[in-house]
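Trainee: Output the structure for:
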Amino acid sequence: MAQYWYNVETHEVEKDAQSGWKSLIGPYESREEAEQALARVRERNEAADALDEEDNED
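Mentor: Model (predicted):
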């Protein structure tokens, strides 16, 4: 089964890992999931930042 990766340097989806690991986010099961990689990263970062802010309030 193929895996899909998002390349943060080229901003393109790769089928199976074609580039170096420092450039890739994944793996994802579909091209569509890989295309949304940066949006997912943003969502997770925002959630983590919110938790950090809660911790700092204590």
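Trainee: Pass me the low-pLDDT residue ranges in the chain, would you?
Mentor: Screening the chain residue by residue with the criterion pLDDT under 70, one finds the ranges 58.
Trainee: Please, where are all the helices along it?
Mentor: In the chain, the helices defined using DSSP state H lie at 31-35, 37-57.
Trainee: so which of the ones you listed comes closest to Ser23?
Mentor: Ranking those by their distance to Ser23 (criterion: Cβ to Cβ) puts helix 37-57 first, at 11.9 Å. To be clear about C-beta, it is placed using only N, CA and C from the backbone, and glycine gets the same treatment.
Trainee: Just give me the residue closest to the centre of the protein.
Mentor: Among the residues of the chain, the smallest C-alpha distance to the mean C-alpha position (Cα atoms, centre = their mean) belongs to Ala37, namely 3.9 Å.
Trainee: Which residue is the nearest non-sequential neighbour of it?
Mentor: Of all residues not flanking Ala37 in the chain, Tyr6 sits nearest, at 3.6 Å (Cβ to Cβ, 6 or more residues apart in numbering).
Trainee: What count of nearby residues applies to that neighbour?
Mentor: By other Cβ atoms under 10 Å, the residues close to Tyr6 number 24.
Trainee: That one and Val13, how far apart?
Mentor: Counting by Cβ to Cβ, to the nearest Å, the separation of Tyr6 from Val13 is 6 Å.
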